[in-house]
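Student: One predicted model, sequence on top.
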Amino acid sequence: MLKALAAVACCSFVSLGLLVPSPVSAQTAVRSQPDRQQWYLNAGKMTYVVGVNEQGILQSLYWGPKLSDRGVVPVAKSLPERASQYAPAATTPQEYPAYGAGIFPETALKVNSPNGDRTLILKYESAKVTGSQLEIVLKDTNEPLRVHLYYQTFPEGVLARWSRIENTGKGSFGIENAASATWNLPAGTGYTHRWLTGMWGGEFQLNEEPLKTGKSVQESRTGHTSHEANPWFSIGKEEQTTEEAGPVWFGELGWSGNWQIVTEYTSLRQPRVTGGYNPFDFHWTLAPGTSLETPKFYAGYTDGGDGEASRILSQLQLQEILPKRGEAREPKPRPIIYNSWEATEMNFTGDTQIALAERAAKVGVERFVIDDGWFGKRDDDHAGLGDWTVTPKKFPQGLRPVIDRVHALGMDFGIWVEPEMVNPDSDLYRQHPEWAMQFPNREHSEERHQLMLNLARPDVKEWMFNWLDKLVSENDIAFLKWDYNRIWSEPGWNMAPGSSPEHPNPDAEKAIYLEAVRNLYDVIDQLRAKHPKLEIESCSSGGGRVDLGILERTDEVWPSDNTDALDRQDIQFGYTQAYTPQTMVAWVTDVPSMDHRMVPLQYRFVVAMQGALGIGANLTKFSDADLALSAKLTKFYKTIRTTVQQGKLYRLASPLTGDPSQMEYVAQDGSQAVLLALQHSQRLRLPYPTVRLRGIDPDAMYRLRPLDPEKYTGEEVVSGSVLMGDGVNLKLEGDYDSTALILERLP
Ligand code: GLA
């Protein structure tokens with residue numbers, strides 16, 4: 001559910017033929033102009049305008065810098081036909097194009113009606129403004145089908161759009177494709193398109209290309225958000241947009257199942273972005289009197305460049321999306337986690353965990369997490385998933401003694417779960433083979449020796465909630481690392497409503513794609529409601545499930561299993577384009593890394609400090625010197641954590657383009673700024689380049705507190721204008737050098 005927003009005291013109801021004027025106020029989030037059949041949506045520094053044209057079709061009219069409350073754009077008018085190749089329906093930038101009346105570009109909706117008609121012509125019926133939300137209702141000219149378009153403005157500078165397709169007739173419609181929204185950008189040339197792709201161990205890779213005529217499709221068919229692509233887009237202008245300045249239209253979806261974003265550039269130079277449920281293998285039976293709601297598609301505009309677009313999304317996530325406790329405006333900053341996975345994998349006992357916990361507490365860790373391997377017959381990844389009871393071999397007295405010891409050491413306790421999966425070698429599977437996703441007579445494809453449970457089934461959902469609730473109720477568990485380590489392969493469900501083993505109905509079974517995700521969301525929501533202090537991390541073999549749908553109900557994310565400090569910088573650089581550093585968990589782990597790279601401990605720490613710092617190294621093998629350095633660096637991190645996690649991020653130098661890379665974070669109230677500076681390798685004895693800070697107060701004086709006094713030998717108190725204009729010089733030398741600098745604003 002969307003969270004409450006800056007309320008706007010304006011309510012109007014407008015329908016064709018009955019126009020009720022609404023007052024125009026300077027503060028309105030949604031301004032209706034009934035005389036012009038237009039709605040102005042203001043979000044932060046952006047305005048978005050829609051209007052009804054002379055044919056009764058809803059058009060996108062404007063998406064750009066904020067318009068004055070007295071400013072109006074020309075009334076909506078359908079575009080002229082361009083010979084027979086371009087009917088007006090296809091050239092006009094429709095707000096929610098449905099297939100029909102000659103539309104051939106990407107459509108947001110495609111529906112089959114009970115009478116065999118496969119087209120729709122959606123015309124405006126009514127509109128309603130409630131606070132900062134607008135609802136526009138469209139109705140098909142022939143069939144008893146309505147589409148409700150929702151617009152929710154957020155003061156951070158983002159608009160959420162989604163739709164609800166309603167069957168008001170007596171027969172069932174079949175929905176082939178239902179997007180949340182189509183976003184039309186201003187027609188023109190010279191656009192660039194950015195998107196995120198990846199793989200296991202290499203998530204969030206940033207792509208950038210000129211926007212070319214045709215379509216670019218980003219999607220997931222894996223059943224979850226996916227490693228291969230993330231549901232985020234960004235469009236800038238070739239000659240104008242940089243990290244620091246220039247126009248950017250950007251957005252991301254809130255859906256953790258199959259999704260699709262189609263970025264299209266028509267021959268008429270119209271950029272359009274359509275996104276929502278993935279039409280691949282999609283079908284939804286819309287029974288009489290029912291509705292289908294699509295996921296939220298959030299989007300914004302800024303003229304502050306790619307950096308500002310990321311800062312807007314970060315603020316949206318902190319203020320509106322992520323779960324909060326009590327009255328706090330922001331979610332709690334993340335505690336420093338120790339996770340034992342890389343240290344022990346599944347080969348441990350309660351005692352080995354306690355030995356790690358003792359070391360972790362000494363270096364300043366605040367939360368101790370036992371990863372995979374504590375349950376069932378889980379000695380390796382061949383068995384045990386589904387049997388969620390503590391394995392007595394490893395914990396003869398249960399989890400209690402370990403949890404008590406962790407608490408006595410001053411940390412809270414977390415544990416790993418993978419609720420949506422089952423190993424064929426498990427009591428659960430032997431008892432309920434029918435709970436795994438499957439097609440009759442077809443072999444299962446196993447991945448990591450495991451199968452997907454069919455969470456669309458109500459009995460699986462009930463079982464899942466019950467054991468999770470029991471686990472959390474019986475043990476003092478503060479945190480779950482919720483994992484998901486395979487993709488879908490046989491998405492069959494012959495017990496779906498409308499299907500049966502005797503009369504299978506493939507279309508009805510496709511409801512599995514939506515129901516499994518809805519039930520996942522429900523289980524997490526119920527669990528959190530019953531255990532309000534419980535925190536959850538979304539993990540899927542690393543960063544396979546990161547989107548605004550899961551982030552509404554989880555506190556943080558494990559962005560990648562790749563903890564190599566050099567690779568991680570690329571991954572984290574991509575991650576921060578779309579998601580806030582608050583959610584970006586980063587562990588310091590042992591070397592050599594999975595890339596066989598040897599990197600000094602401080603460098604690993606400084607990279608992990610770019611987000612929510614954690615430790616995954618085997619601390620029992622650390623030397624005293626390493627333990628002391630770790631303790632020093634976690635202590636340092638605690639003094640910058642709120643700024644890093646909840647401040648404004650300036651990516652000063654990209655790890656993708658050179659040896660030096662720097663991230664700078666400025667606290668929301670401006671009282672502190674932090675510079676994290678890294679050097680990958682030194683060439684030709686060149687000095688580390690001067691770092692020019694950004695986003696601080698030019699008129700203020702700052703006290704500089706270096707992490708390593710020998711690496712910053714400049715003056716202690718420096719003006720903001722000098723720090724941004726002249727910059728600071730750091731002595732980083734050789735390969736894998738790093739440092740940090742705190743800037744405290746003086747009163
Ligand atoms: C996934 C996660 C890892 C770890 C293992 C445990 O790969 O991404 O962090 O939890 O599972 O099996």
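Tutor: Done, it's in.
Student: Relative to the whole chain's centre, how far out is stretch 694-711?
Tutor: Centroid displacement of stretch 694-711 relative to its chain, using C-alpha atoms, centre = their mean, to the nearest Å, is 32 Å.
Student: That one spans what distance, first to last residue?
Tutor: By C-alpha to C-alpha, to the nearest Å, the extent of stretch 694-711 from end to end equals 20 Å.
Student: can you pull the pLDDT of the residue of the stretch 351-500 of the chain found nearest the ligand?
Tutor: Proximity of the stretch 351-500 of the chain to the ligand (C-beta to the nearest ligand atom) peaks at residue 372, 3.5 Å away. For glycine as for every other residue, the C-beta is placed from the backbone atoms N, C-alpha and C. On pLDDT, residue 372 comes in at 98.
Student: Using the three-state scheme, assign it.
Tutor: coil (DSSP: H, G, I helix; E, B strand; the rest coil).
Student: Burial check on it, number of neighbours?
Tutor: Residue 372: 22 surrounding residues under other C-beta atoms under 10 Å.
Student: ok, now the one 3 residues further on?
Tutor: Using other C-beta under 10 Å as the criterion, residue 375 is surrounded by 23 other residues.
Student: Give me the below-cutoff pLDDT ranges for this structure.
Tutor: Low-confidence segments of the chain (pLDDT under 70): 1-27.
Student: what about the residue of the stretch 201-350 of the chain at minimum distance from the ligand, distance to residue 70?
Tutor: Closest residue of the stretch 201-350 of the chain to the ligand, C-beta to the nearest ligand atom: residue 341 (4.7 Å). Residue 341 sits 59 Å away from residue 70, going by C-beta to C-beta, to the nearest Å.
Student: Those two - which one has more neighbours?
Tutor: Applying other C-beta under 10 Å to residue 341 and residue 70 shows that residue 341 carries more neighbours, namely 19 against 7.
Student: So the more buried one sits against residue 353, correct?
Tutor: No. Taking contacts as C-beta atoms under 8 Å, residue 341 lies outside contact range of residue 353: 11.5 Å.
Student: show me what contacts the residue of the stretch 401-550 of the chain found nearest the ligand?
Tutor: Nearest residue of the stretch 401-550 of the chain to the ligand: residue 541, at 4.5 Å (C-beta to the nearest ligand atom). Residue 541 makes contact with 200, 227, 483-486, 561, according to C-beta atoms under 8 Å, 6 or more residues apart in numbering.
Student: and this structure, which residues reach the ligand?
Tutor: Proximity of the chain to the ligand (C-beta under 6 Å from any ligand atom) is limited to residues 341, 371-372, 416, 483, 485, 539, 541-542, 558, 561.
Student: show me the contacts for the residue of the stretch 201-350 of the chain closest to the ligand.
Tutor: By C-beta under 8 Å, 6+ apart, the contact set of residue 341 is 371-372, 416, 616.
Student: let's see 10 Å
Tutor: By C-beta atoms under 10 Å, 6 or more residues apart in numbering, the residues touching residue 341 are 369-373, 416, 481, 558, 561, 587, 589, 616.
Student: Who wins on neighbours among those?
Tutor: Ranked by neighbour count (other C-beta under 10 Å), these have residue 558 at the top, with 29 neighbours.
Student: Surely that residue and residue 483 touch.
Tutor: Yes. With contact defined as C-beta atoms under 10 Å, residue 558 reaches residue 483; the gap is 8.2 Å.
Student: Since that was my last question, I'll sign off now.
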